[in-house]
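> Give me a 3D structure for the following:
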Amino acid sequence: MLRIENVSKSYGAKQALKAVSISIPKGSICGLLGPNGAGKTTLIRILNQIILPDSGKIYLDGALLEPKHIAAIGYLPEERGLYKNMKVGEQALYLAQLKGLSKGEATKRLRYWFDKFDIADWWHKKIQELSKGMAQKIQFIVTVLHRPKLLIFDEPFSGFDPVNAALMAKEILQLRDEGATVIFSTHRMESVEEMCDHIVLLHQSEKILEGSLTSLQKQFQSRVFEIGLQTTDKKQVMAKLSSKFDISEAHFQTQQDELKFHLQWDLDKSSNELIQALQAYGEISHFVAVIPTVNEIFMKAVNVHIE
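Numbers count the residues shown, from 1 in each chain. Modelled structure (predicted):
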């Protein structure tokens, strides 16, 4: 587990982090979200010990974070840092040895990853000969090569086409399944929904939201239902429904030619009560609670914090 306790950081008069406390379960993928300037980059730099906090403590698997833990962390920054004039294999070996691997072990692991990604012929190419996406594959390999227990990815899919982005996502999930804890900072909300178990939202240097994705979706659920109703007179039924319920048009896909709409239901009433009420208007063929997206959760939480 990664535990961050009351971490604060200021740059002169500007406070970048205000007493931020976060607990990220071991073996999970945590989406670190927030608008630009929220404090994400500062927190990532503190975790990597590039800078130190003004106050607060960080624990990795129960131990206070120290310089020796650098070997247990893999960091893929948004701004890539490969030497353009060096050959791919030579540079990857050099960076792997900086993480404590012997040349022999580093070579063995690199060959495994190069074969896995079908890029063995890149070994003798110079970085400057590679596209942005190709270079990012190399940096991903170097980030995970020493099998760190904590992985930090900052916009990991930047520069990738959809096929390679899916490949990287698959590898990150596999690393999670093998026991790594992953922090995933991105503006791609669809990636968060697909991959993250845990979410942390920073805004104006403060943590304003934290929890599992499922618990936050439940917390922010607006009690909107997606409903399909089979009836012989759609127009008349829609008029009757509109006079009694808060409804709006819906365009979801089904195999039925039914009346489709969204309905806002009372928070203090059960879904069974709604089903019973709707049965008076026709046969219910589709009934699904609308789950808020991560982007909707993000916007609601930020707006509440501003207010």
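> When you work out contacts or count neighbours from here on, use the C-alpha atoms and nothing else.
Will do.
> what's the spacing between Ala106 and Glu90?
Applying CA to CA, to the nearest Å, one obtains 11 Å for the distance of Ala106 from Glu90.
> between those two, which one's more packed in?
Here Ala106 and Glu90 are set side by side on neighbour count (other CA atoms under 10 Å), and the busier one is Ala106, at 22 against 14.
> Surely that one and Ala96 touch.
Yes. Distance between Ala106 and Ala96: 6.0 Å, which falls inside the contact criterion (CA atoms under 8 Å).
> what touches both of those two?
Common neighbours of Ala106 and Ala96 (criterion: CA atoms under 8 Å, 6 or more residues apart in numbering): Leu145.
> and the one helix or strand Gly104 maps to, which residues are buried?
Secondary structure assignment for Gly104, by DSSP states H and E: helix 103-116. When burial is assessed from 16 or more other CA atoms under 10 Å, helix 103-116 yields the following buried residues: Ala106, Thr107, Arg109, Leu110, Arg111, Trp113, Phe114.
> list the contacts for the third one?
With contacts defined as CA under 8 Å, 6+ apart, the neighbours of Arg109 are Leu145.
> Do a quick rundown of the helices in the stretch 51-200 of the chain.
Secondary structure of the stretch 51-200 of the chain, counting by DSSP state H, counting those that start in this stretch: helices at 88-98, 103-116, 132-144, 162-177, 189-195.
> could I get those helices as CSV with distance to Phe287 and mean pLDDT?
CSV is the format used below for the helices of the stretch 51-200 of the chain (distance: least, CA to CA, whole Å; pLDDT from 0 to 100):
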stretch, distance to Phe287, mean pLDDT
helix 88-98, 53, 92
helix 103-116, 44, 94
helix 132-144, 43, 90
helix 162-177, 31, 92
helix 189-195, 22, 86
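> Can you lay out those helices as JSON lines showing distance to Glu283?
JSON lines is the format used below for the helices of the stretch 51-200 of the chain (distance: least, CA to CA, whole Å):
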{"stretch": "helix 88-98", "distance to Glu283": "63"}
{"stretch": "helix 103-116", "distance to Glu283": "53"}
{"stretch": "helix 132-144", "distance to Glu283": "52"}
{"stretch": "helix 162-177", "distance to Glu283": "41"}
{"stretch": "helix 189-195", "distance to Glu283": "33"}
